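>>> Build me a model from this:
(one chain, ligands or ions: 2)
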Amino acid sequence: MSRRKDWDTYFMDIAYMASTRSQCLRRHVGAVLVQGKKLLGTAYNGAPMGVPDCYEAGCMLAEDYEVRIENGQESVIKKQRCIRTIHAEQNLLLFTDRIDREGSSVYVTDQPCWTCANMLANSGVKEIVYHRPYPKDSEKVSLLMQTRGIIFRPIPSYEPPPNTLTEIIN
Ligand SMILES: [Zn+2]
Ligand SMILES: [Zn+2]
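Ligands and ions are numbered 1, 2, ... in the order given. As a prediction, this is how the structure comes out:
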């Protein structure tokens, strides 16, 4: 048995390393762009350059409502999310070129939200690999990827490198 890391582990590890740069107090997300086996970009969620980040200015919280159906019972849950940061996937798109993205893969620590998924669907990327689930938008995002013919796959058996994890407030 080879002890060499497989490519999924290798690139997801890099996405987790990138996520440690995030200064958001609520969520650290990292994303990388891969063409063939070549790394073409790394990104994490953060405030625009030169703008105070969550660590300095606190998270900018917005309230959100999530409909949940459990055992046929529908309930509405109020949630807070931070809107100060540009999401990792969006930063990745801002800092890479269209031509590099055509037919590429994105590795992202967290399943993309609806807005990021929608942007990725139009970015030239042909595969999205993620680790932590994000149930809120999961169904509509999966359907979008299916419609668009983009491979959308979790790697459930993956384990992030030590010291790259932060507690996530949901
Ligand atoms: Zn924040
Ligand atoms: Zn997002």
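
>>> And the helices in the chain?
7-19, 54-57, 88-94, 98-101, 114-121, 135-148 (DSSP state H).

>>> Pick the most deeply packed of those.
The highest average neighbour count among the helices of the chain, using mean count of other CB atoms under 10 Å, belongs to helix 88-94 at a mean of 24. Glycine gets a C-beta too; all of them are placed from N, C-alpha and C.

>>> So which other helices or strands are in contact with it?
strand 30-35, strand 38-44, strand 105-110, helix 114-121 (3 or more CB pairs under 8 Å, 6 or more residues apart in numbering; DSSP states H and E).

>>> Nearest to Lys5, out of the ones you listed?
Nearest to Lys5, of all those, is strand 105-110, at 13.0 Å by CB to CB.

>>> Go ahead and confirm Thr20 touches Thr164.
Yes - at 5.4 Å, Thr20 and Thr164 qualify as touching, with contact defined as CB atoms under 8 Å.

>>> Ligand 1 contacts on this structure?
Cys24, Cys54, Cys59, Cys82, Arg84 (CB under 5 Å from the ion).

>>> What is the burial count for the first one?
Cys24 has 22 neighbouring residues, counting by other CB atoms under 10 Å.

>>> pLDDT score for it?
We have a pLDDT of 93 for Cys24.

>>> so how far is Asn122 from it?
For Cys24, the distance to Asn122 (CB to CB, to the nearest Å) stands at 25 Å.

>>> Neighbouring strands - and their directions - for the least confident helix or strand in the chain by mean pLDDT?
Using mean pLDDT, DSSP states H and E, strand 61-70 stands out as the lowest-scoring helix or strand of the chain, at a mean of 86. Partners of strand 61-70 in the sheet, by DSSP bridges, are strand 73-82 (antiparallel).

>>> Any regions of this protein where pLDDT drops low?
Low-confidence segments of the chain (pLDDT under 70): 1-2, 167-170.

>>> swap the cut-off to 50 and go again
Residues of the chain that meet the criterion pLDDT under 50 lie in 170.

>>> Which positions in it make contact with ligand 2?
Residues of the chain lying near ligand 2 (CB under 5 Å from the ion): His87, Cys113, Cys116.

>>> The first one: how many residues sit nearby?
If you count neighbours by other CB under 10 Å, His87 ends up with 24.

>>> Met60 - nearest residue in space that isn't next to it in sequence?
Arg84 (3.8 Å; CB to CB, 6 or more residues apart in numbering).

>>> Spatially nearest residue to Arg21 (excluding sequence neighbours)?
Using CB to CB, 6+ apart, the nearest residue to Arg21 is Tyr44, at 4.7 Å.
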